[in-house]
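[1] could you work out the structure for the sequence below:
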Amino acid sequence: MSWAQTVEPLAGTAPLTWEDPLDLRLMDGAHRFVERKIREARESRARWWKRDWSSRQAYEASVQPNREWLARILGVVDERLQPRMERYGDDDRPALIGETSSCRVWQVRWPVLEGVHGEGLLVEPVGEVRASIVLIPDADQLPEQLLGLAVRLAAAGARVVLPLLIDRQSRWAGNPAIRMTDQTHREWIYRQAFHLGRHVIGYELQKVLQVIDWFQGRRRAGRIGVAGWGEGGLLAFYAAALDQRIDVALVSGYFG
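    Next up is the predicted model:
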């Protein structure tokens, strides 16, 4: 004996009869949406830019609304704390981690926002400071991996800060007593920040810009630059777009 029951669909709907995986359909639809928005942006971009080429001052003023909009969509909207650079360590791991005849290397951290700190390395030249540079590694690199370049820059008279970025690993993605996932640390921050109008890139830009604030407060900052590779290149690119105090940007492994 068998029972059959006729189920009437809700008004305005039809039975779901797809046989292919729904997650693939979802991603295909998302890709089509993004590609359409890219095409639309290319066609409508000009109306959002009202550049005044009559002078540098006029140009900077004319694109300021675009800078403010970029800061907003990246979540760079919170007022930063008073800039300071803390050299920290203990008996086993002193703050001064290395030195040469031309520079000293310190492990440092700096407050950015309430509950948000930057950390990394500070390379101070022994002689006169001629320039100040934020040298930003990729998210899968440690600051120490760019230390060779930083030491060479310091030998030429540059003060260099190398911030540590949130990595793409998943070591802390879950609770071992319950369940672990493969969600990366960057994605976890992104998912939380999205609901607050913030972004993991925005938080890292705030860390970079706080270093610029600190540079400006030093007696001799010289010209200010940002340089980065990979994810660090992206941050250098955006930081230079947002902050007119940055004189030069080097972007590698990201744009173009």
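[2] may I have the phi/psi pair for the nearest residue to Glu144 once chain neighbours are set aside?
    Among residues not flanking Glu144 along the chain, Leu121 sits closest, at 7.1 Å (CB to CB, 6 or more residues apart in numbering). Placement of C-beta: from N, CA and C, glycine included. Dihedral angles of Leu121 (phi, psi; degrees, to the nearest 10) stand at phi -120, psi 150.
[3] show me the contacts for Leu121.
    97, 105-108, 143-144, 147, 150, 161-162 (CB atoms under 8 Å, 6 or more residues apart in numbering).
[4] rerun that using 7 Å as the cut-off
    Residues in contact with Leu121, defined by CB atoms under 7 Å, 6 or more residues apart in numbering, are 105-108, 143, 147, 162.
[5] now, which of these lie within helices?
    Counted as lying in helices by DSSP state H, out of the contacts of Leu121, are Leu147.
[6] redo the contacts of Leu121 as CSV? Include distance to Leu74 and neighbour count.
    Formatted as CSV, the contacts of Leu121 follow (distance: CB to CB, whole Å; neighbours: other CB atoms under 10 Å):
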residue, distance to Leu74, neighbour count
Val105, 31, 23
Trp106, 29, 21
Gln107, 28, 19
Val108, 24, 21
Pro143, 23, 24
Leu147, 28, 20
Leu162, 22, 27
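[7] residues in contact with Ile246?
    So Ile246 contacts 212, 224-226, 239-240 (CB under 7 Å, 6+ apart).
[8] meant to ask about Leu235, not that
    Going by CB under 7 Å, 6+ apart, Leu235 touches 136, 204-205, 208, 228.
[9] try 10 Å
    Neighbouring residues of Leu235 by CB atoms under 10 Å, 6 or more residues apart in numbering: 134, 136-139, 163, 165, 201, 204-205, 207-209, 226, 228, 251, 254.
[10] can you check Asp167 too?
    When contacts are counted by CB under 10 Å, 6+ apart, Asp167 touches 138-142, 184-186, 231.
[11] ok, now Val248?
    By CB under 10 Å, 6+ apart, the contact list for Val248 reads 131, 133, 223-227, 236, 240.
[12] could you pull out the strands for this protein?
    Using DSSP state E, the strands found in the chain span residues 86-87, 96-99, 103-113, 116-125, 131-136, 158-163, 174-175, 179-180, 223-229, 248-252.
[13] using CSV, write out the CA atom coordinates for the last one.
    Below are the C-alpha coordinates for strand 248-252, written out as CSV (Å, rounded to 0.1, in the frame of the first residue of the first chain):
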residue,chain,number,x,y,z
VAL,A,248,55.8,58.2,-3.0
ALA,A,249,54.4,54.6,-3.3
LEU,A,250,56.0,51.4,-4.6
VAL,A,251,53.4,48.7,-5.5
SER,A,252,54.7,45.3,-6.4
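[14] show me the beta-bridge partners of the closest residue to Ala154 other than its chain neighbours.
    Of all residues not flanking Ala154 in the chain, Cys103 sits nearest, at 3.7 Å (CB to CB, 6+ apart). Beta-bridge pairing for Cys103 (DSSP bridges): Pro125.
[15] the chain should start at 862 in everything you say after this.
    All right, first residue 862 from here; so that's Cys964.
[16] for Ala1016, see how far away Cys964 is.
    To Ala1016, Cys964 is 7 Å away according to CB to CB, to the nearest Å.
[17] between these two, which has more neighbouring residues?
    Per other CB atoms under 10 Å, whichever of Cys964 and Ala1016 has more neighbours is Cys964, with 23 against 16.
[18] center of the chain - which residue?
    With distances taken as CA atoms, centre = their mean, Ile1062 lies nearest the centre of the chain, 3.2 Å away.
[19] residues in contact with the closest residue to that residue other than its chain neighbours?
    Distances taken as CB to CB, 6+ apart put Leu935 closest to Ile1062, at 5.7 Å, once the chain neighbours are dropped. Going by CB under 10 Å, 6+ apart, Leu935 touches 1059-1067, 1099, 1102-1103.
[20] so which of the residues you listed wins on neighbours?
    Comparing the contacts of Leu935 by number of neighbours (other CB under 10 Å), Glu1065 comes first, having 29 neighbours.
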